[in-house]
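Colleague: I would like to see how this sequence folds:
(one chain, ligands or ions: 1)
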Amino acid sequence: MLMKKIRNDIILIVSLILIISIGVILYFTMQKKENIAVYIYYDKELVEVVDLNKNQEIVVNDVVIVIENETVYVKESSCKDKVCIHQGKIKAAGQTITCLPQRVFIQLEGSGVDVGV
Ligand SMILES: [Zn+2]
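Modeller: Take a look at the predicted model:
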């Protein structure tokens, strides 16, 4: 009887460890997913890679790119059509903003990708 009880306890403990491990793994996987990098290109050259979580303003060829509250948008640009400004705010991996006249291209990428290469 006693042995059976101990075995049940072991099964319970092992199950608990498994559940906690899965929880921890899921937690880190989800966090990674939320981590998005902002890739900024000028004239087809990558000029800057910044974290979407870090609020800042970056000026590339007269295009003022604002990163704010995990969204990216173009605040000002010296281009004529202002298409880039009208593209509004982007925040999900895969979304882009393009300013053709100024040759500026902004792309959001999930940061499973190597940053800095
Ligand atoms: Zn523009």
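Colleague: could you give the number of residues near the residue lying closest to V50 once chain neighbours are set aside?
Modeller: Closest residue to V50 apart from its sequence neighbours, by Cβ to Cβ, 6 or more residues apart in numbering: V38 at 4.9 Å. In this view, the C-beta of every residue, glycine as well, is placed from N, C-alpha and C. By other Cβ atoms under 10 Å, the residues close to V38 number 21.
Colleague: quick one: contacts for V38?
Modeller: Listed by Cβ atoms under 8 Å, 6 or more residues apart in numbering, the contact partners of V38 are 48-52, 65, 67, 72, 106-108.
Colleague: S15 too?
Modeller: S15 neighbours (Cβ under 8 Å, 6+ apart): none.
Colleague: now do stretch 21-32, average pLDDT.
Modeller: Average pLDDT, stretch 21-32: 84.
Colleague: what comes up buried for it?
Modeller: Buried residues in stretch 21-32, counted by 16 or more other Cβ atoms under 10 Å: none are found.
Colleague: which residues touch the residue positioned nearest the centre of the chain?
Modeller: In the chain, the C-alpha nearest the mean C-alpha coordinate belongs to I36, at 0.8 Å (Cα atoms, centre = their mean). Contacts for I36 (Cβ under 8 Å, 6+ apart) come out as 52, 70, 91-93, 108-111.
Colleague: ditto for K44
Modeller: So K44 contacts 103, 105 (Cβ under 8 Å, 6+ apart).
Colleague: how close does it sit to the ion?
Modeller: 16 Å (Cβ to the ion, to the nearest Å).
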